[in-house]
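In: sequence first, then the predicted structure, then my questions.
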Amino acid sequence: MMAVFEKSERLRHIGHLDIQRAVQRALRRSGLPVSYSKGFNPHILLTFASALSTGAAGRNEIMEVQLEREVSPEAFLSAMNAAMPPDMQLSCAKVLDDRRMALMAQVSAADYTLTLDDMSAAKIIENQLNDFLAQESIMAMRKTKSGMKETDIRPLIHTLTMDGNKIHAVMTLTERLACKPNMLMDALAAFTGMEAVPRVLTVRNRLLGCDEAGALVPLETL
Amino acid sequence: MTMHEKIEAMLEKVQKAPRYTGGEMNTTLKPWDEAALHFAFCFPDTYEVAMSHLGMKILYHGINSQPDMLCERVCMPWVDMMELMQQEDVPLFSLENRRALNEFDVVGFTLQYEMSYTNILAMLKLGGIALKREERGEEAPIIVAGGPCAFNPEPLADFIDAFMVGDGEEQILELNRIIRDGRKEGASRLTILKRLCGVQGVYVPALYDVTYHADGTIASMKPNCPEAPEKVLKAIIKDLDETYYPTEIPVPYTEIIHDRIMLEIMRGCTRGCRFCQAGMLYRPVRERSLERLVDLAVSLENATGYEDISLSSLSSGDYTCLAELIRELIRRLKEKRVSISLPSLRLDSVLKESLEETQKERKTSLTFAPEAGTQRLRDVINKGVTEEDLIEKVRDAFAGGWSSVKLYFMMGLPTETYEDLDGIADLARKVTAEYFAIPKAQRAKGLRVTCSASVFVPKPFTPFQWEPQDTQEIVKEKQKHLRDKLREVKGVNFNYHESDLSYLEACFARGDRRMGKVLLRAFEKGCMLDSWGEHFKYEAWREAFEETGIDPAFYAFRRREKDEIMPWDVIDCGVTKEFLWREKEKADRAATTKDCRKGCNGCGLQRFKGVCKFCG
């Protein structure tokens, strides 16, 4: 079963592992027939399409749970919504075909809204946004397992627009390559000559995958 | 910026922001304006410690189960948050409605250990409440405090309006009703406080006057108004099955210290260890029925989704139907793969087998608390454990695949000699010998024996309440001696505590009203979070004593006379002073006292007919 859930703004400081544990406990509360792994320390078979970093809220995060027997998406949704905290409600559920590719491997990009609380910084960025995007390459530092690595993020930015103090961005997000919101903000701050990177409230609106035609569509619709 | 926006901005900057965000599963957010009484449950330590505390969970849900009452949680912020709050002028706020502490009708602290007292002052100050009760206006919340340390309320008498002694479940509701009604009709603080004297176990320090002898001991402690009783008898709940226990408890998002369901299977202990304050304070023993416990466990599991349940009490191995209880819990919770943490190894073999089937067996370390190194000293403290018992259990454990054992001892117990310290090293050696006696192929690898020796702190309402604590010089010498002795034993690690904290704990444990001055001075000098090693400022404490002209040795190192008036004599904890003195005399001659389950020892509870099922 695949389900779409929210990680509300109040929970933005909760890390991925804690969110994972909260979902596991909700599953245990729900009374749904969840599958456990075999072995010495059985755990619930639960995966997430993409870990959401500490500090960010998510409107449509995606989980996948294995069940022991068939449950209708409606029944799953109502059992889970009764068991999940108010800040983590589900919006839809869908039975997945066992043979399809792992959710994680299907994520290609994500859609973000970054809200600046410093209006003057927002103005500066807005004024230079076109010039920023006109660059052929934009080098940014990316944290990897082996340390900091320089990456060209220009090809990873699919769209980037602004509306008042809100930045809307669609950026590549795969296991191998990604432009994370903090990398974008670092690059914007450097480009506009700001001394400090302005603080933003990060909301991941949606995870996106590629449909057969190669267009980016919400992951849950694939 | 509104307070809410300020808090949100602060959360971006602090470590562990989830400590301050609330909204956990099973927490209660009630509309503020609809409640007739607002209670702030304050835990004077950080969120992780607070949320691990069972009493808070019971009372939090207990108060919120009342339709017209609201209870919200408030914890001690960490230093980084505290600094930001002061900088941004944000008062200490509750986790639910984010209300400032001074907006509540009642602000209640739980007193779990003496070294959290500076945190109480820090929280009051951050919450915009005058520290001293005399300086509080009519509008200020009523500040109350309960928990084990409330049995000697005097060191906090300057700061707390009313103490709640004994079992809190029913008492706290009665107290809330009186405050609710009093505030509604516009009664004065003093009137409300006097009315609170009618609640069993409530002690109002303003209503008592203390005089002293020239030598500093108490000459008299008397009520100054007719409402205040001569002696305040603790609140006692007769039947735990009849009293409130939550069927849902908060489930924090982040890991806390005790991240599991805690099921209180009984209250009190019949063993009568003479150093143990809890063993005296929580008498008599009351057990919850098996049926009630199983029902509670199932409801709590369904409401929390926790993976573990621990059976909680002072001595869970003594629960009458322990084996049946565990079997029934396993049967009912098997499907949910709940593991049950067991209090002791005293289990029959059938039970062991059924446990092994269902439990994720984690062979972590096993803990034993012989407390003293020789049989003589164990008899002095009435710790009914023999060397044979211990060795047998350790042998079983090593044979069962464990390789890590923790041994807990106390240092500085009354009558202790260097022979007793050597006994600790001998015992550790015997434990390691049991491991090496098992053929290499059959035992788990990596023997680890950890010996921990804490510094004994004499506590009120124990047979050792008259005894001096060892001076710091003696403690240091003894620690060195034991360290050298244990160094000779292969596979043993030795842990011990700095004596400074235990010394202060001893001063507060048996302190009187005058200790309030020291506490305030130390707080003004920046002392807080004392139990967090990196924040403990011993030098500042030393200066605080000096500047207030109070001698810590008077409290810690002085032997009390039999008839000395103790600061806590105003409280009747159920156990009588005569019984404690009898026990002290028996300790002096290393005579033991039997477990109450084997017959009444006349501790004082027999005065209340039908309260204790082992007497009369």
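Out: Cool, got the structure. These figures come from a predicted structure and were not determined experimentally.

In: quick one: least confident helix or strand in the chain?
Out: Since you didn't name a chain, this refers to chain A. Least confident helix or strand of chain A, by mean pLDDT, DSSP states H and E, is strand A:139-144 with a mean of 82.

In: um, chain B though
Out: helix B:349-358 (a mean of 52).

In: just the buried residues of the next helix or strand after that one, please?
Out: Counting by DSSP states H and E, the element after helix B:349-358 in chain order, helix or strand, is strand B:366-371. Using 16 or more other Cβ atoms under 10 Å in any protein chain shown as the test for burial, strand B:366-371 gives B:366, B:368, B:370-371. (Glycine included, C-beta is placed from N, CA and C.)

In: may I have strand B:366-371 exported as PDB, CA atoms only?
Out: The C-alpha trace of strand B:366-371 is given here as PDB (Å, rounded to 0.1, in the frame of the first residue of the first chain):
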ATOM      1  CA  LEU B 366      22.400  -7.400  33.700                       C
ATOM      2  CA  THR B 367      22.200  -5.300  36.800                       C
ATOM      3  CA  PHE B 368      22.500  -6.300  40.400                       C
ATOM      4  CA  ALA B 369      22.500  -4.100  43.400                       C
ATOM      5  CA  PRO B 370      24.200  -5.800  46.400                       C
ATOM      6  CA  GLU B 371      24.700  -2.200  47.800                       C
END
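
In: now do the next helix or strand after it: everything it contacts.
Out: Where DSSP H and E defines the elements, the next helix or strand beyond strand B:366-371 is helix B:375-380. The contact list for helix B:375-380, computed with Cβ atoms under 8 Å, 6 or more residues apart in numbering or on different chains, reads B:274, B:370-372, B:385-387, B:413-416, B:420, B:423, B:587-588, B:590-592.

In: only the buried subset of those residues, as a PyMOL command please.
Out: Selection of buried members from the contacts of helix B:375-380 for PyMOL, criterion 16+ other Cβ under 10 Å:
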select buried, chain B and resi 274+370+371+372+385+387+413+414+416+420+423+587+590+592
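
In: residue contacts, the residue of the stretch 151-300 of chain B found nearest chain A?
Out: Using Cβ to the nearest Cβ, the single residue of the stretch 151-300 of chain B nearest to chain A is residue B:253, 4.8 Å away. Residues near residue B:253 by Cβ under 8 Å, 6+ apart: A:11, A:14, A:18-19, A:21-22, B:18, B:24.

In: same thing but 10 Å
Out: Listed by Cβ atoms under 10 Å, 6 or more residues apart in numbering or on different chains, the contact set of residue B:253 reads A:11, A:13-15, A:18-19, A:21-22, A:25, A:85, A:87-88, B:18, B:21, B:23-25.

In: what's near enough to touch residue A:155?
Out: By Cβ under 10 Å, 6+ apart, the neighbours of residue A:155 are A:136-138, A:172, A:177, A:179.

In: and it, helix, strand or coil?
Out: Under DSSP: H, G, I helix; E, B strand; the rest coil, residue A:155 falls in the helix class.

In: quick check, nearest of the buried residues of strand B:366-371 to chain A?
Out: residue B:366 (19.5 Å).

In: low pLDDT regions in chain B?
Out: Within chain B, the stretches with pLDDT under 70 are B:342-364, B:616.

In: can you list the domains in it?
Out: B:3-233, B:260-360+B:574-616 (automatic domain parsing).

In: so which of these is the most packed in?
Out: Stretch with highest mean neighbour count among those: domain B:3-233 (a mean of 19; mean count of other Cβ atoms under 10 Å in any protein chain shown).

In: contacts only, for the residue in the stretch 251-400 of chain B that chain A sits nearest to.
Out: At 3.3 Å from chain A, residue B:305 is the closest residue in the stretch 251-400 of chain B, using Cβ to the nearest Cβ. Residue B:305 sits next to A:21-30, A:83, B:25, B:251, B:261, B:336, B:338 when contact means Cβ under 10 Å, 6+ apart.

In: all helices of chain A, in order?
Out: Remark: helices assigned in chain A by DSSP state H are A:16-30, A:73-83, A:103-106, A:119-134, A:181-191.

In: between those, which gets nearest to chain B?
Out: helix A:16-30 (3.3 Å).

In: against which helices or strands is the closest one packed?
Out: strand A:2-7, strand A:46-48, strand A:56-65, helix A:73-83, helix B:290-304 (3 or more Cβ pairs under 10 Å, 6 or more residues apart in numbering or on different chains; DSSP states H and E).

In: just the CA atoms of it, as PDB, please.
Out: In PDB, the C-alpha atoms belonging to helix A:16-30 read as follows (Å, rounded to 0.1, in the frame of the first residue of the first chain):
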ATOM      1  CA  HIS A  16      13.500  11.400   9.300                       C
ATOM      2  CA  LEU A  17      14.200   8.600  11.600                       C
ATOM      3  CA  ASP A  18      11.800  10.000  14.200                       C
ATOM      4  CA  ILE A  19       9.100  10.400  11.500                       C
ATOM      5  CA  GLN A  20       9.700   6.800  10.500                       C
ATOM      6  CA  ARG A  21       9.300   5.600  14.100                       C
ATOM      7  CA  ALA A  22       6.100   7.700  14.400                       C
ATOM      8  CA  VAL A  23       4.600   6.100  11.300                       C
ATOM      9  CA  GLN A  24       5.600   2.600  12.600                       C
ATOM     10  CA  ARG A  25       3.900   3.300  15.900                       C
ATOM     11  CA  ALA A  26       0.800   4.700  14.100                       C
ATOM     12  CA  LEU A  27       0.700   1.500  12.100                       C
ATOM     13  CA  ARG A  28       0.900  -0.500  15.300                       C
ATOM     14  CA  ARG A  29      -1.900   1.500  16.800                       C
ATOM     15  CA  SER A  30      -4.100   1.300  13.600                       C
END
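
In: and it, what's buried?
Out: Those would be A:18-30, for helix A:16-30 by 16+ other Cβ under 10 Å.

In: list just the nearest of those residues to residue B:503.
Out: Closest approach between the buried residues of helix A:16-30 and residue B:503, by Cβ to Cβ: residue A:18, at 39.0 Å.

In: domain ranges for chain A?
Out: A:2-105, A:107-221.

In: between those, which gets nearest to residue B:408?
Out: When these are compared (using Cβ to Cβ), the closest one is domain A:2-105, at 28.4 Å.

In: how far does the closest one stretch from one end to the other?
Out: 14 Å (Cα to Cα, to the nearest Å).

In: and if you look at stretch A:201-220?
Out: 24 Å.

In: and it, how far from the chain's centre?
Out: From the chain centre to the centre of stretch A:201-220 is a distance of 10 Å (Cα atoms, centre = their mean, to the nearest Å).

In: quick check, nearest of the contacts of residue B:305 to residue B:233?
Out: Closest to residue B:233, out of all of these and judged by Cβ to Cβ, is residue B:261, at 32.5 Å.
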